[in-house]
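Trainee: What shape does this take:
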Amino acid sequence: MDLWILQAARVLDRRRRSERGSLDSLVHGEALAEHAADGLDPSLAFSLRLARALLGCGMPAQRVEESLYRLAESLGFDIDAFCTPTALIVTMSKEGATGPHDVRTRVVRVEPGQTDLERLSALHDLVGRVERREITPGDGARRIEAILARRPRWNDTSIALAFGLVSMAASILLGGGGLDLPIAGALGVLVGVLDAIGHRVPAVQRLLPALAASSVSFLASMLAWQGVPVRPSVVLLASIVVLLPGLTVTTATLELATANLVSGTARLMGGAVTFLQLGFGVALGLEIAKMLPHIPAPPPPDALPAWAVLVAPLGSALGFTVLLRAKPADGVWVLFAVVLALAGSQLGGRLMGAELGAFVGALVVASASHVFARWRDRPVNLMLVPGILFLVPGSIGFLSIRSLLEHDVEGAVSTAFRMSIVAMALAAGILVATAAVPPRKAL
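Mentor: The predicted model follows:
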């Protein structure tokens, strides 16, 4: 009995410690410093930490700059900000500044990060507290450091399984059936394992797209040529779907459309390099697989029935909840966004065609995201990112690079043009929704 009581006490103590370390407690808890100062320098420090954190969470440049302008206005300062995906220049000054002692300029190098919706929600609430003068900018800067230092909710195992779940959902949407689903899921988990290794080994992270694509291409081709009834193209594309930079291309197009030319161009070139790495990896894996003996494979089984497409949004939402580092309680909003994206794209496809139909899907998702943000006082990206991620043209861009590697220049150009149209349609849908339902906050 004493052993059980001791074990229960340990469990309760563990729970109390985890609650004290949650992001909500870091946002709404007591001050992290006894003398959290106010003024120009603490306000600038808070603005820089906030901008770096937002860029690390995948926010586009125009949203980051709007957040800084709104924050400076609420604190009574003037600010000029210039954001790119990897750098930040901020000048903050007192209103009516007359000398250099009233002006501060900082240049900050930013490391690109991954979307983290839970941290973004915490930053959203923290900025609201600073704007309402509930806490000082100096205390807010320390809270941002504590938020970024907290360990992620989801571990590497959960993220690797989420890779596999999204790959299985993608194989359904791509018309797979039979063994395509479990094999795509297994190869997706392999990509997730390589991604986890990449976070610990920088050299692997730099080569991740090529390494993952070559591994998946080799295994998918080998299985198809050793008598396993699979569709190698479906398995290949579904397995690397998480690595496709479709969201990067869409964000870059949105930045270019809002006159953030430097940030948009840099992000667009980053997406193009990722496509090239994936294409190189696929070609390399295919050439290695050709060295193996071939066994005639039976024809693959028929595709799944039409109703199976309804299962894909659920699998995608569960995977996105983990991959986007959202709280489990926010999974229902992620699912709602994915369902809206699927319904909007299907409706738009029937009205305008496959490419321009993405505009309707983006308009529906973005409008719902802004209404949700105003209603619940939550970040717009909580619904916008998973919904747009379901619509992004990454697979079209990948097919363009693959056609180019196969010396089909005409097909590559045609496919690349389709990708550009889809990306522009998504950006237009987001901009129209932003004008129709203006966000309450820049976040």
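Trainee: separation between the spatially closest residue to residue 191 that is not a sequence neighbour and residue 163?
Mentor: With sequence-adjacent residues excluded and distances taken as C-beta to C-beta, 6 or more residues apart in numbering, residue 191 is closest to residue 212, at 4.6 Å. Bear in mind the C-beta positions are built from the backbone N, C-alpha and C, glycine included. Between residue 212 and residue 163 the computed distance is 10 Å (C-beta to C-beta, to the nearest Å).
Trainee: Find the residues that touch each one of those two.
Mentor: Shared contacts of residue 212 and residue 163 (C-beta atoms under 8 Å, 6 or more residues apart in numbering): 191, 195.
Trainee: show me the contacts for the residue nearest to residue 191.
Mentor: 190-191, 194-195, 240, 243, 281.
Trainee: distance between the strand or helix carrying residue 221 and the chain's centre?
Mentor: If you go by DSSP states H and E, residue 221 is part of helix 208-225. Distance of helix 208-225 from its chain centroid, counting by C-alpha atoms, centre = their mean, to the nearest Å, is 24 Å.
Trainee: Repeat that for stretch 205-214.
Mentor: 18 Å.
Trainee: what do you get for stretch 100-119?
Mentor: Using C-alpha atoms, centre = their mean, the offset of stretch 100-119 from its chain centre is 19 Å.
Trainee: Can you measure across that stretch, start residue to end residue?
Mentor: In terms of C-alpha to C-alpha, to the nearest Å, the two terminal residues of stretch 100-119 are separated by 35 Å.
Trainee: hey, where'd the strands end up in the stretch 1-150 of the chain?
Mentor: Along the stretch 1-150 of the chain, counting by DSSP state E, counting those that start in this stretch, strands occupy 77-83, 87-94, 103-109.
Trainee: quick one: which of those strands is nearest residue 130?
Mentor: strand 77-83 (12.3 Å; C-beta to C-beta).
Trainee: avg pLDDT for the closest one?
Mentor: The pLDDT scores in strand 77-83 average 90.
Trainee: One more: stretch 424-438?
Mentor: Across stretch 424-438, the average pLDDT comes to 89.
Trainee: And that stretch, what's buried?
Mentor: 424-431, 433-434, 437 (16 or more other C-beta atoms under 10 Å).
Trainee: next one: it to chain centre, how far?
Mentor: Averaging C-alpha positions (C-alpha atoms, centre = their mean) puts stretch 424-438 19 Å from its chain's average.
Trainee: And stretch 162-176, by the same measure?
Mentor: Here the centre of stretch 162-176 is set off from its chain's centre by 17 Å, with C-alpha atoms, centre = their mean.
Trainee: if we can go back for a sec, CA atoms of the helix holding residue 221 as PDB?
Mentor: The C-alpha trace of helix 208-225 is given here as PDB (Å, rounded to 0.1, in the frame of the first residue of the first chain):
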ATOM      1  CA  LEU A 208      17.400  15.400 -46.600                       C
ATOM      2  CA  PRO A 209      15.300  15.900 -49.800                       C
ATOM      3  CA  ALA A 210      17.800  14.200 -52.000                       C
ATOM      4  CA  LEU A 211      18.600  11.400 -49.500                       C
ATOM      5  CA  ALA A 212      14.900  10.700 -48.800                       C
ATOM      6  CA  ALA A 213      13.900  10.800 -52.400                       C
ATOM      7  CA  SER A 214      16.700   8.500 -53.500                       C
ATOM      8  CA  SER A 215      15.900   6.000 -50.800                       C
ATOM      9  CA  VAL A 216      12.100   6.000 -51.500                       C
ATOM     10  CA  SER A 217      12.700   5.900 -55.300                       C
ATOM     11  CA  PHE A 218      15.000   2.900 -55.000                       C
ATOM     12  CA  LEU A 219      12.700   0.900 -52.700                       C
ATOM     13  CA  ALA A 220       9.500   1.700 -54.600                       C
ATOM     14  CA  SER A 221      11.100   0.700 -57.900                       C
ATOM     15  CA  MET A 222      12.800  -2.400 -56.400                       C
ATOM     16  CA  LEU A 223       9.400  -3.600 -55.000                       C
ATOM     17  CA  ALA A 224       7.700  -3.000 -58.400                       C
ATOM     18  CA  TRP A 225      10.400  -4.900 -60.300                       C
END
